[in-house]
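Undergrad: below are the sequence and a predicted model; questions follow.
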Amino acid sequence: MRSHRRRNPIRRGAPAILSAAVLISGGLAVASHSAAFATTSATASPAAATTHTHRLCSEPSKPGYMACQSVVRTDLTPKMSLGRHDTPKGFGPADLQAAYNLPKDGGKGATVAIVDANDDPNAEKDLAAYRSQYGLPECSTGNGCFKKIDQDGGSNYPTPDSGWAGEISLDVDMVSAACPQCHILLVEAKSANMEDLGAAVNQAVKQGAKYVSNSYGGNEESNDTSADNQYFKHPGVAITVSSGDSGYGVEYPAASQYVTAVGGTSLKKDSSTRGYSESVWGTSAGGDGAGSGCSQFDAKPSWQKDTGCTKRSVADVAAVADPATGLAVYDTYQSGGWNVYGGTSASSPFIAGVYALAGAPGTGDVPASYPYAHPDKLNDVTDGSNGSCSDYLCKAGKGYDGPTGLGTPNGVAAFTK
């Protein structure tokens, strides 16, 4: 068995991150391996440029704590407002719907839950700005489409945090892009401890959500299987989890056998019949990119047939995550408004929205199994790698591979029984 921990383990006691606007002016950006950038223009092609990024969340200071998986472009200046003829940089809903062959009118009334730590005081206001910009239906508390609760189901919201607020903005915007007709339930955990985040997952299910996105991760620990049963074993609920942003290596809870672990790609417009092409987000040098590999502790689910891991293999499916071909997101809490974000924090809520488009899972099912029954209904990603290894666990190829799993959505048929 190839057992593999994170390539770049979470450092302890790292300082909290600054806002994107401060990062730009302060010159704290970290160079990314990728170079292309996608715009929302249907005729524009990615332009070669140096891409600088910074992770939104501070790194955990002790075991059991999680980091969000969002990455912000710091080589682009955020804009609080746009001119009459301006459009946000980064892919918008129409781009993503076209790239992944998604229906525009599915999922009506379905609730997608977003689980994050800390509070985003501007979540509803920023969501309204994003949806207005792209002509999506209103989603507010007033019309019953949007609801924000704490991990106990009430309104005693936790302490605001600029990094997690950016994560929340990315999450609600990506659900909106995938499933404009879906309702959104934001459940805010009081801390980034797995116990609090897990309580928030359970609360989301208690509230009736059949689709729950989790955009965070940390080092695997020997008690993960206990957390699996306590927080993620919810038959009939599609639970998605980001695979990680540190390249080759496995994180929890993506390693849980009960979740759909979502990897990441670089998405570019091209002249193909599809109109888009994808490769693995990452490079053979590792360090940045979608997480993948073999879990140390979690059992392999029966639907996984790859032979390189005797335990759980990560990931299952993927979607765009490379900040160099990133997503337009609106975030104003200690941030500059329109930004371009990436990370597998983008792909997890997007895939949760795709599950919602596909319809309610079977009552006793583990929806993570669905794509394995329909691999021909996905876009197979066959190019790129997220680190150095000798096989499919870090290198894309035909069929299943670690960084992108079985592939990316081509419609919704792979996400139903």
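TA: In hand now; what should we look at? Numbering: from 1, shown residues only.

Undergrad: what about the strands in the stretch 51-200 of the chain?
TA: 52-55, 67-68, 71-73, 111-117, 146-150, 183-189 (DSSP state E, counting those that start in this stretch).

Undergrad: show me what the first one is packed against.
TA: By that I understand strand 52-55. strand 30-31, strand 71-73 (3 or more CB pairs under 8 Å, 6 or more residues apart in numbering; DSSP states H and E). Yep, even glycine has a C-beta here, placed from its N, CA and C like the rest.

Undergrad: how does it look with 6 Å?
TA: strand 71-73 (3 or more CB pairs under 6 Å, 6 or more residues apart in numbering; DSSP states H and E).

Undergrad: phi and psi next, for the spatially most distant residue from the centre of the chain.
TA: Within the chain, the residue lying farthest from the chain centre (CA atoms, centre = their mean) is R84, at 30.5 Å. R84 adopts backbone torsions of phi -60, psi -30, taken as degrees, to the nearest 10.

Undergrad: what pLDDT does it get?
TA: We have a pLDDT of 85 for R84.

Undergrad: relative to S61, which of the strands of the stretch 51-200 of the chain is closest?
TA: Closest to S61 of these, according to CB to CB: strand 67-68, at 10.5 Å.

Undergrad: sorry, back to before: look up how far D95 lies from the residue farthest from the centre of the chain.
TA: Look at R84 and D95: by CB to CB, to the nearest Å, they are 21 Å apart.

Undergrad: kindly report the same for D365.
TA: Distance from D365 to D95, by CB to CB: 31 Å.

Undergrad: okay, the two: which has more neighbours?
TA: Just comparing D365 and D95: by other CB atoms under 10 Å the higher neighbour count belongs to D95, 23 against 16.

Undergrad: buried stuff in the helix or strand harbouring A227?
TA: Using DSSP states H and E, A227 maps to helix 224-227. Within helix 224-227, the residues scored as buried using 16 or more other CB atoms under 10 Å are 224-225, 227.

Undergrad: for the chain, which segments count as helices?
TA: Under the criterion DSSP state H, helices of the chain are mapped to 20-26, 93-99, 123-133, 162-178, 194-206, 224-227, 344-358, 370-373.

Undergrad: using TSV, lay out those helices together with distance to G337 and mean pLDDT.
TA: Formatted as TSV, these follow (distance: least, CB to CB, whole Å; pLDDT from 0 to 100):
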stretch	distance to G337	mean pLDDT
helix 20-26	9	32
helix 93-99	18	98
helix 123-133	8	98
helix 162-178	10	98
helix 194-206	27	98
helix 224-227	37	96
helix 344-358	18	98
helix 370-373	36	98
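
Undergrad: out of the ones you listed, nearest to D270?
TA: helix 93-99 (10.7 Å).

Undergrad: ok, and for that closest one, which residues are buried?
TA: 93, 95-97, 99.

Undergrad: nearest to T240, of those?
TA: Once CB to CB is applied, the member of those that ends up nearest T240 is L96, at 15.6 Å.

Undergrad: count of neighbours near the closest residue to that closest one other than its chain neighbours?
TA: Nearest residue to L96, sequence neighbours excluded (CB to CB, 6 or more residues apart in numbering): A177, at 4.9 Å. Applying other CB under 10 Å, we find 28 other residues in the vicinity of A177.

Undergrad: for the one 4 residues further on, same thing?
TA: A count of nearby residues for Q181, using other CB under 10 Å, gives 19.
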